[in-house]
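Student: Here you go, sequence then predicted model.
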Amino acid sequence: MHTADCEEAIADFIRIKGITRCPTACVSPTQGSVGAADRVALEEHAVARARLQRAKITARTRQFLPLGFAN
């Protein structure tokens, strides 16, 4: 199948099925967008992961440094 034919077939499939993301469609750009609530949830998740990572680093640092040096 020619590249243009493949792209056309994928576009038709997405248009007919209303699918914005699937293994077949991921080979070409989609029309999907991330909702505001999902963006907020992702940001909160990233902040929580960063906070947890900092806490783990702090705990490990306190194990190996004398008490006067770890803050």
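Tutor: Nice, I can see it. Numbers count the residues shown, from 1 in each chain.
Student: how much space between residue 58 and residue 49?
Tutor: 15 Å (C-beta to C-beta, to the nearest Å). Using the backbone N, CA and C atoms, a C-beta is placed for each residue, glycine as well.
Student: Could you check how many residues crowd around residue 34?
Tutor: A count of nearby residues for residue 34, using other C-beta atoms under 10 Å, gives 9.
Student: Not counting sequence-adjacent ones, nearest residue to it?
Tutor: residue 42 (7.9 Å; C-beta to C-beta, 6 or more residues apart in numbering).
Student: what helix or strand does the one you found sit in?
Tutor: Secondary structure assignment for residue 42, by DSSP states H and E: helix 36-64.
Student: Also residue 4?
Tutor: helix 3-17.
Student: follow-up on the earlier one: I'd like the mean pLDDT over the helix holding residue 42, please.
Tutor: Here helix 36-64 scores 91 as its mean pLDDT.
Student: Same check on stretch 17-26?
Tutor: 61.
Student: For the remainder of this discussion, apply numbering that starts at 406.
Tutor: In the new numbering, first residue 406, that becomes stretch 422-431.
Student: quick one: residue 446 and residue 456, what's the gap?
Tutor: 16 Å.
Student: Also residue 441?
Tutor: For residue 441, the distance to residue 456 (C-beta to C-beta) stands at 23 Å.
Student: and what of residue 439?
Tutor: Relative to residue 456, and taking C-beta to C-beta, residue 439 is found at 23 Å.
Student: cool, and residue 423?
Tutor: 38 Å.
Student: how much space between residue 410 and residue 459?
Tutor: As defined by C-beta to C-beta, residue 410 lies at a distance of 52 Å from residue 459.
Student: ugh, wrong one, I meant residue 443
Tutor: Per C-beta to C-beta, residue 443 is found 25 Å from residue 459.
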